[in-house]
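[1] One predicted model, sequence on top.
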Amino acid sequence: MSDQAAAPFHNWISQCTQIPGVLGSGIHLPDGSILCQSTAEFLSDDKLESLIRRLAAWEPRLTEALKGYKTAFWRFEKANIRCDWRPDGAMAFVMLRQDCQETSRLDSKMCAFMTLS
Amino acid sequence: MNHPEHKRQRILFVDDDPVFLGTIADLFAAWSGDQWHIQQAQSADQALEILKASTVDVAVLDAGMPVLDGVQFLKILGRRHPEVKKVMLTGLATEEKRSECLSNGAELFIEKPRSPDGLKAVFAMLDELMTWKPREGFQGMLRKVGLQDVIQMECLGRNSCVLEISNPQAAGRLHIEEGNLIHAVLGPISGEKALQKLLAMSGGSFQLLPFEAPSQKTLNGPWEFLLMEAARVRDEAAQSRTEAPEPALTPARRNTRVAELVIASVHGDVFHDWQCPDLPIRLSWLQTLASEASEMASEDFLGAFDRLEIASDVGRVVAQAKSDRLVWTRLAYPPQHS
């Protein structure tokens, strides 16, 4: 993907990381490439990329679990991860601190992701 | 669940829905580690027979039973078996019904669970009720004497104390100094918002502790005003609850129904199966989830895995992989009519 084509995705990721409580954000594109950005010291970009790849690989299992799924929310003791899928297979990833209260802002960002190009 | 006295707790569930009874009995017996002796009755008559023949610690009654409804039965139980702790379960919780049940001797008034989380919450509340013993100081359940009444008494008496308030979902503290409300905290929230949330709790317990100065003062103004404002916010929230916008991920939609439920051990032994179309596939899926979750949880920044929620426009799946069980619940939303 050219820098110009990737710009809206980078912009979206950057806006997500500015939401209080967001530890990292990224996008898994249908061609398998990953764009991501971490805001937490303990979460290197490599770790974040590996986590995004791991969760993107769950796509067939999610289909098996619930046809027409749009969102998967992985809840852990210290952090939560939200993944939203578009019909073209692109996946948005946002990792949140457990106490993140910005649900509506996050919902808006996920809506915006659906129309990014 | 090991209770301090290692005594098996005897609990009676009364509900005209045999599927619900079966689910509850299987699940709670497993979760209690067989420490609960669970009996079931599908009618008030059956329940009275059981109570006549055996000792029961807690009776959990469905408020909406046909013929003799739960509230009428509650009154009869209160007269005949005052020693039995009574809990009301209802499919449709209203403030009026709640007051009626609590004023007729129910220890707890709980909305009927519709999800594994709801079941867990009910289990935790019942477990708390059975194990509850007074500790030092004054402690009580939030029922006939409400939390608001206790706060008023402390303020009118110009007392200084700390009220520790909790239920299975949350815990908070309220500091009262010489009859003034000076600090409230509930999880990460403090101040007036915390006070309002504490007073909006529909059940739980509180303990009155000796006063200690809080690290900060987050409440100002006359206590009467603060309590009135909290009551106003609570009433408005109750009114608008059904109209509130739903969060995108965990929609608390009305009339959502459980379409499928599977509970199994981590080794694949099935504890409960309800309407699962293909059990081996479900179990294999859950075991894959458990393995994946365990690997992910080894990352220190994530911690232990709790659950995976998968949402679509027509329903939601909640899958849990705990150290002792795997749980799969599929919820179906009612069709949307425009």
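    On my side now, so go ahead.
[2] which one's the longest helix in chain A?
    helix A:3-17 (DSSP state H).
[3] Return the set of buried residues in that one.
    Within helix A:3-17, the residues that count as buried by 16 or more other CB atoms under 10 Å in any protein chain shown are A:9, A:12-13, A:16-17. Quick note: C-beta positions are derived from backbone N, CA and C, even for glycine.
[4] what do you get for stretch A:81-97?
    Those would be A:81-85, A:90-96, for stretch A:81-97 by 16+ other CB under 10 Å.
[5] And the strands in chain A, which stretches?
    Counting by DSSP state E, chain A has strands at residues A:22-28, A:34-38, A:71-76, A:79-85, A:91-97.
[6] among these, which is nearest B:Ser323?
    Nearest of these to B:Ser323, taken as CB to CB: strand A:71-76 at 14.3 Å.
[7] ok, back up a step: which among the buried residues of helix A:3-17 gets closest to B:Leu68?
    Distances from B:Leu68 to the buried residues of helix A:3-17, taken by CB to CB, are shortest for A:Cys16, at 56.0 Å.
[8] need the contact list for the nearest residue to that closest one once chain neighbours are set aside.
    Nearest in space to A:Cys16, with sequence neighbours left out and distances taken as CB to CB, 6 or more residues apart in numbering or on different chains, is A:Ser25 at 3.8 Å. Shown in contact with A:Ser25 (CB atoms under 8 Å, 6 or more residues apart in numbering or on different chains): A:13, A:16-17, A:36-37, A:92-95.
[9] Now B:Gly179. Its backbone dihedrals?
    Main-chain torsions, B:Gly179, degrees, to the nearest 10: phi 80, psi 0.
[10] Check whether the residue in chain B that chain A sits nearest to sits in a helix, strand or coil.
    Closest to chain A within chain B is B:Gly303: 3.0 Å, counting by CB to the nearest CB. Counting by DSSP: H, G, I helix; E, B strand; the rest coil, the backbone at B:Gly303 sits in coil.
[11] Just give the closest residue to it, not the sequence neighbours.
    Closest residue to B:Gly303 apart from its sequence neighbours, by CB to CB, 6+ apart: A:Glu77 at 3.0 Å.
[12] That neighbour: neighbouring residues, count only.
    Neighbour count for A:Glu77, taken as other CB atoms under 10 Å in any protein chain shown: 12.
[13] quick one on the thing from earlier: which one of the contacts of A:Ser25 is nearest chain B?
    Looking across these and measuring by CB to the nearest CB, the closest to chain B is A:Met95, at 8.7 Å.
[14] which residues sit in contact with that closest one?
    A:22-25, A:43, A:48, A:51, A:79-81.
[15] Can you tell me how far it is from A:Lys78?
    Between A:Met95 and A:Lys78 the computed distance is 10 Å (CB to CB, to the nearest Å).
[16] ok, now B:Thr218?
    Separation of B:Thr218 from A:Lys78 (CB to CB): 26 Å.
[17] With neighbour numbers in mind, choose between the two.
    Using other CB under 10 Å, the more surrounded residue of B:Thr218 and A:Lys78 is B:Thr218, with 19 against 14.
[18] Which secondary structure state does the more buried one sit in?
    Assigned by three-state DSSP, the conformation of B:Thr218 is coil.
[19] Next, it: phi, psi?
    Note on B:Thr218: its backbone torsions stand at phi -120, psi 0 [degrees, to the nearest 10].
[20] ok, now B:Leu61?
    With angles defined as degrees, to the nearest 10, B:Leu61 sits at phi -110, psi 140.
[21] just B:Leu302 next, same as before
    phi -100, psi -40.
[22] what sits against the residue lying closest to it once chain neighbours are set aside?
    The shortest distance from B:Leu302 to any non-neighbouring residue, by CB to CB, 6+ apart, is to A:Phe76 (4.2 Å). Going by CB under 8 Å, 6+ apart, A:Phe76 touches B:296-297, B:302-306.
[23] What subset of those is buried?
    Neighbour-count burial (16+ other CB under 10 Å) is assigned, among those, to B:296-297, B:302, B:305-306.
[24] and B:Glu260, helix, strand or coil?
    strand.
[25] in chain A, which ranges drop under the pLDDT threshold?
    For chain A, applying pLDDT under 70 flags no range at all.
[26] Flag every residue of it that's near chain B.
    Within chain A, the positions lying close to chain B (CB under 8 Å from any CB of the partner chain) are A:23, A:40, A:42-43, A:47, A:51, A:54, A:58, A:61-62, A:64-79, A:82, A:99, A:103-104, A:107, A:110.
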